[in-house]
Structures are given as structure tokens and as C-alpha cells.
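**Q** coords please:
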Amino acid sequence: MKTRKYTITALLFTMLILVSACGSKEKGGKRYYGTWKATQAEIEGSVFTVEELEAVGDDTISDTYIIIKEGGKAYLHDRYDSEVMDWTIEEHGIKIGELPFEYKKQTLSMMLDDNRVIFEKVSSGQTLTNPETKSGTADKKTAEDKTAKSDQGSSKTAKKTDEAKKDNAGKTKQEKPEETKQDQTDQAEEKTPSEDSEKTQEKQEESKEDVPDGDFAAIVSDGNTKIEGIEAELRTEWEELKASVTDYASFVQNEEAVEVFYETVEDRHVEMCTIAYQAALAYGKAIMATDVDWGEKYDMAGKLENDVYDDLLDNVEDLIYDGLLDDMKDYLYDGVLKDDDEAGVPYGDWYDTRSDEYSRWYDCRSDVYSEWYDTRSEVYGFKYDLAGELWSKDEDGAQKTINRFEKKLNKRLGS
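**A** Here you go, the predicted model:
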């Protein structure tokens with residue numbers, strides 16, 4: 001990042017405009033109370049951990065944390081400075097001074113120069129002390145990835161370090177911000193069939209109440225059906241591949257088939273994301289065709305965000321990024337290739353084979369995330385622009401927004 005002359009506390013201080021200390025009194029304030037530590041930075045489309053940045057000599061966000069206190073005050077600290085200032089709740093997160101922090105998936109993030117700094121909540125403590133490093137809260141995937149990378153030895157580490165350096169100036173694969181402790185807790189809670197049934201029924205009832213005039217529910221349902229159909233086809237191919245790969249020797253024999261399947265996953269995932277584009281476009285057109293007033297149409301744009309940007313694209317992420325690809329890593333890298341003794345070949349051969357498999361999985365997963373992230377950004381931009389035109393009661397402007405988005409979709413489809 002190399003932005004030391006613009007440290008986070010300095011940026012906040014220059015933007016500081018005192019506001020009323022009402023943060024803790026507004027609905028949803030409790031979720032923010034506690035200590036948040038900077039753990040990652042998104043730079044030119046790629047996500048780097050604090051440790052990765054330090055490895056290439058960048059300590060801009062090292063030892064940076066925020067303590068958000070009940071009563072409307074926040075304490076921001078980095079290794080160069082610290083400051084106490086007011087915080088307030090906003091629509092998509094909070095403001096410290098006048099600098100916005102977006103809240104998403106139990107993380108807070110803010111823009112520093114052209115880069116996004118991501119904070120994770122490490123404790124509920126509000127005492128102004130240096131927070132201890134999280135223990136036991138790191139996502140299981142993070143631990144596995146770090147172990148795998150370390151496993152690959154010094155030559156692989158050097159290669160990845162070189163790639164990371166290039167990434168600062170160019171293009172490296174993008175990784176997803178890791179989940180927080182709360183994510184793990186939520187996922188770890190088992191759901192009984194009755195609970196699932198009740199939640200499904202509640203969701204259906206809410207959908208009946210919330211879906212405006214027009215066939216919006218059908219648009220989303222059709223999109224999810226197509227997406228899940230693609231995932232089902234990929235699962236069938238994966239099961240066939242698994243049947244032919246049961247140990248180290250059979251993996252080597254089918255290594256080319258494994259590589260081809262990763263390429264298939266990427267291609268089919270692009271199809272899934274294209275379906276999200278189509279759903280968003282259909283939703284926008286349905287809004288314009290609905291015979292209601294401008295205020296109701298503006299509210300419908302909010303439903304577009306909920307139904308496509310959130311729900312439908314979250315389904316894509318769950319099925320591939322957090323689903324199939326995790327299963328492939330568990331079975332191949334952490335399964336049939338895990339033990340060098342069982343491989344029955346020289347250690348060096350086993351080591352290279354396993355390292356190559358990790359690289360294939362990592363590259364595919366990164367490409368999948370980049371595609372998903374870009375699609376989500378495009379859908380949100382479409383919703384944002386459309387909502388603005390609807391708020392202004394500009395029918396011509398709204399139609400132009402739809403036409404522009406349709407051109408993007410057609411270009412994506414090659415037409």
C-alpha cells in the first residue's frame with residue numbers, strides 16, 4: 001500500500017466534523033461495540049493479509065485497530081498515532097468522524113487512498129488497551145491455507161512472494177476476506193428439520209408479503225433453479241472424477257482430468273454469474289413495467305438488491321466458492337494426497353504433485369471469487385443507478401440505465 005503519509009488516524013482527523021454522539025442509541029448499535037482489528041487490505045482487486053503486506057515491507061495497517069465504545073465515542077489506533085472521536089450509525093455501516101465504514105458479513109471496511117482496509121471484530125471489550133492477537137478465532141480455511149503454503153517449502157514460498165509483489169502493481173488472483181468468529185459460530189449451529197421447515201415457511205410468507213406487483217418472485221426462482229441445475233451437473237462430474245481418483249497413483253494417472261475439471265468449474269461458474277446479470281436485468285424491466293407510483297418503484301429497486309445482489313448471488317457463492325471447491329480440496333489435497341508415506345514414491349515427487357494440486361485449487365478459487373465479486377459489483381451499480389433515476393422520477397434516465405446494463409449483458413454473451 002505504501003501510504004504512510006496518509007495513515008488511517010491522520011485521514012480520520014483531517015475529515016473530522018463533530019457530530020452528535022448518538023451511535024449507541026440507534027437500532028443495531030450493539031453489533032459494533034468492541035474492538036476491531038485491521039486484518040486485510042484490498043489492493044487493486046486483490047486481498048492481502050497484514051502478514052503478507054509486512055512480508056513485502058509494508059506496515060501501513062500493522063497494529064491498527066478501532067475500539068467502538070457505547071455512548072458514541074470511538075478510539076482509533078495505528079502504530080503512528082491514535083485519536084478519540086465521535087461515531088454514528090449510517091445506512092450501510094457507521095461513520096467515525098465523517099469517514100464511512102461499510103459493515104458486511106461481520107466486518108467493517110474503509111477506503112484508505114484507493115485501497116480498502118478490512119477490520120474484523122476480535123472482542124467485545126471496550127477498554128482502551130492494545131488488543132491481544134486473536135486466538136482460536138481464525139477461520140479454519142485460513143489455517144488450512146497457511147499450513148498448505150508453508151507445506152510447499154521455501155521454493156514455493158519464494159514464488160508466491162514474487163507473485164504478491166507483482167500483485168501490488170498488476171494482477172494477481174483475488175482471495176475472499178476470511179470469515180469472522182461469528183460466521184463460524186453461525187455455521188456451527190446445527191439446524192433441526194423442524195427449524196429449517198419453520199424458517200422456510202417464514203421466508204415464503206415474507207416473500208408473499210414483500211414481493212411487489214409483477215413476476216419478481218418468478219425471476220429470482222427461475223434464476224436459482226438454473227444456478228442449482230448447473231451445480232448439480234458439476235456435482236455429477238465431480239462424483240465421476242472422485243470414483244477414478246482414490247489414492248496417489250490414481251491421482252497421478254488422472255491429473256490431467258482433474259485440471260480440466262477445474263477449468264470446467266470456472267466456465268460453469270461464469271454461466272451462473274451470467275444468470276445473475278439476466279435476473280437483475282429482468283427485474284429492472286419488470287419494475288418499469290409495473291403500474292405503480294415512483295415511490296413504490298424506488299422501493300422495488302431495494303428489492304432488486306435484496307433478491308439478486310444478496311440472495312441469488314449468495315447462493316452462487318455458497319454452491320461453488322464455499323461448496324464444491326471446498327469439497328475438492330478436502331478430498332484431493334487434504335485427502336488422497338495428504339500422506340507422503342502412503343504415496344509410495346520419493347518424497348520430492350509426492351511434494352511436487354501435492355504442491356501443484358494446491359496451486360490449481362488456489363488459482364481456480366481465486367478466479368471464481370473475482371468473477372463473483374465483479375458480477376456483484378455490476379449488479380449493485382445497476383441497482384444504484386436505477387434507484388437514482390426512479391427517485392428523480394426520470395423515466396427516460398431509468399430506461400437508459402436499463403439499456404446500458406443490457407449492453408453489458410449482451411457483450412458478456414458475445415452478441
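**Q** tell me the mean pLDDT over stretch 128-136?
**A** Average pLDDT, stretch 128-136: 45.
**Q** ah, wrong one, I meant stretch 403-414
**A** Rounded mean pLDDT across stretch 403-414 is 93.
**Q** can you list contacts of that stretch?
**A** By C-beta atoms under 8 Å, 6 or more residues apart in numbering, the surrounding residues in contact with stretch 403-414 are 274, 277-278, 280-281, 284, 378, 382. The C-beta positions use only the backbone N, C-alpha and C, and glycine is treated the same way.
**Q** In JSON lines, list those residues along with pLDDT and neighbour count.
**A** Formatted as JSON lines, the contacts of stretch 403-414 follow (pLDDT from 0 to 100; neighbours: other C-beta atoms under 10 Å):
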{"residue": "T274", "pLDDT": "96", "neighbour count": "16"}
{"residue": "Y277", "pLDDT": "97", "neighbour count": "22"}
{"residue": "Q278", "pLDDT": "96", "neighbour count": "19"}
{"residue": "A280", "pLDDT": "96", "neighbour count": "29"}
{"residue": "L281", "pLDDT": "96", "neighbour count": "20"}
{"residue": "G284", "pLDDT": "95", "neighbour count": "25"}
{"residue": "E378", "pLDDT": "95", "neighbour count": "19"}
{"residue": "F382", "pLDDT": "95", "neighbour count": "27"}
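**Q** of all these, which two lie farthest apart?
**A** T274 and G284 (15.8 Å; C-beta to C-beta).
**Q** what domains does the record give for this protein?
**A** 4-138, 206-413 (automatic domain parsing).
**Q** Go through those domains and find the least confident stretch.
**A** Of all the domains of the chain, domain 4-138 has the smallest average pLDDT, which comes to a mean of 75.
**Q** Pull the distance from that one to the chain's centre.
**A** Its chain's C-alpha centre and that of domain 4-138 lie 18 Å apart, by C-alpha atoms, centre = their mean, to the nearest Å.
**Q** which residues touch T375?
**A** T375 touches 273, 276-277, 313, counting by C-beta under 8 Å, 6+ apart.
**Q** Can you name the residues bridging to Y75?
**A** Beta-bridge partners recorded for Y75 (DSSP bridges): I67, V84.
**Q** I'd say G344 and A249 touch.
**A** Yes - look at G344 against A249 with C-beta atoms under 8 Å: they come within range, at 7.3 Å.
**Q** Mutual contacts of these two, please.
**A** By C-beta under 8 Å, 6+ apart, no residue touches both G344 and A249.
**Q** where along the stretch 1-150 of the chain do the helices fall?
**A** Applying DSSP state H, counting those that start in this stretch to the stretch 1-150 of the chain gives helices spanning 8-15, 50-55, 140-151.
**Q** thinking again about what came up before, between the contacts of T375, which is nearest E70?
**A** Nearest member of these to E70, counting by C-beta to C-beta, is L313, at 34.3 Å.
**Q** Please identify the buried residues of the helix or strand in which the closest one is found?
**A** Using DSSP states H and E, the element containing L313 is helix 313-316. For helix 313-316, burial by neighbour count (16 or more other C-beta atoms under 10 Å) applies to 313, 315-316.
**Q** With respect to T64, which of those is nearest?
**A** L313 (30.0 Å).
**Q** wait, doesn't the closest one sit right on S377?
**A** No - in this structure L313 lies outside contact range of S377 using C-beta under 8 Å: 10.4 Å.
**Q** now G397, what's its secondary structure?
**A** Using DSSP: H, G, I helix; E, B strand; the rest coil, the secondary structure recorded for G397 is helix.
**Q** residue contacts, it?
**A** Applying C-beta under 8 Å, 6+ apart to G397 gives the contacts E389.
**Q** hmm, 10 Å instead?
**A** Taking C-beta atoms under 10 Å, 6 or more residues apart in numbering, we find G397 in contact with 385-386, 388-390.
**Q** In PyMOL, how would I select the buried members of those?
**A** Here is the PyMOL command that selects the buried residues among the contacts of G397 (16+ other C-beta under 10 Å):
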select buried, resi 385+386+389+390
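**Q** Walking through the stretch 201-350 of the chain, point out its helices one by one.
**A** Applying DSSP H, counting those that start in this stretch to the stretch 201-350 of the chain gives helices spanning 216-244, 248-253, 255-289, 294-304, 313-316, 325-331, 340-343, 347-391.
**Q** now the third one: how far from the chain's centre is it?
**A** Just to be clear, that refers to helix 255-289. That offset, for helix 255-289, works out to 17 Å (C-alpha atoms, centre = their mean).
**Q** which of the contacts of T375 lies closest to I66?
**A** L313 (28.6 Å).
**Q** residues in contact with the closest one?
**A** Residues near L313 by C-beta under 10 Å, 6+ apart: 223, 227, 272-273, 275-276, 279-280, 307, 372-373, 375-376, 379-380.
**Q** can you check M110 too?
**A** M110 neighbours (C-beta under 10 Å, 6+ apart): 8, 11-12, 38, 66, 93-96, 99-102, 116-119.
**Q** now do R235
**A** Shown in contact with R235 (C-beta under 10 Å, 6+ apart): 319, 323-324, 327.
**Q** try V50
**A** Counting by C-beta under 10 Å, 6+ apart, V50 makes contact with 37-41, 58-64, 117.
**Q** Turn those into TSV, including neighbour count and distance to R412.
**A** Output for the contacts of V50, formatted as TSV (neighbours: other C-beta atoms under 10 Å; distance: C-beta to C-beta, whole Å):
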residue	neighbour count	distance to R412
K37	21	38
A38	23	35
T39	23	33
Q40	24	29
A41	24	29
D58	19	35
D59	15	40
T60	24	36
I61	28	35
S62	13	40
D63	14	43
T64	24	38
V117	24	31
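**Q** Between which two of these is the distance greatest?
**A** So, the contacts of V50 by C-beta to C-beta: farthest apart are K37 and D58, at 16.9 Å.
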